[in-house]
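[1] Okay, structure incoming, though there's no sequence with it:
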């Protein structure tokens with residue numbers, strides 16, 4: 001008959017608890033990361049759909065702009081590209 005002492009049994013119980021607790025924390029972290037990733041993907045898809053709805057102006061429509069207005073538009077685009 002195999003006999004396990006009380007302290008050894010207690011150590012096994014503690015190790016068992018720590019193993020499953022650590023695994024549970026890892027699973028929670030994984031699910032959090034997965035949810036965050038899905039949210040980023042949904043925002044990206046939403047933004048792409050919104051950008052597809054934007055109609056760019058034709059060259060004939062740009063002929064009315066002054067050089068200052070064109071430079072301002074280029075500066076705004078440059079800032080937008082830098083922010084990413």
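    Yep, it's here. Remember, predicted model here, so these are calculated numbers, not experimental data.
[2] Where is the longest helix in this protein?
    As assigned by DSSP state H, the longest helix anywhere in the chain is helix 6-52.
[3] now it, how far from the chain's geometric center?
    Helix 6-52 has its C-alpha centroid displaced from the chain centroid by 14 Å (C-alpha atoms, centre = their mean, to the nearest Å).
[4] Stretch 68-76 now?
    For stretch 68-76, the distance to the chain centre is 32 Å (C-alpha atoms, centre = their mean).
[5] quick one: average pLDDT of that stretch?
    Averaging pLDDT along stretch 68-76 gives 86.
[6] same deal with stretch 48-62?
    Rounded mean pLDDT across stretch 48-62 is 71.
[7] Could you do stretch 8-19 as well?
    Averaged across stretch 8-19, the pLDDT comes to 77.
[8] Next one, pLDDT for residue 36 please.
    Looking at residue 36, the pLDDT reads 93.
[9] quick one: it and residue 29, what's the gap?
    11 Å (C-beta to C-beta, to the nearest Å). Heads up, the C-betas are built off the backbone N, CA and C, glycines and all.
[10] what do you get for residue 70?
    In terms of C-beta to C-beta, residue 70 sits 49 Å off from residue 29.
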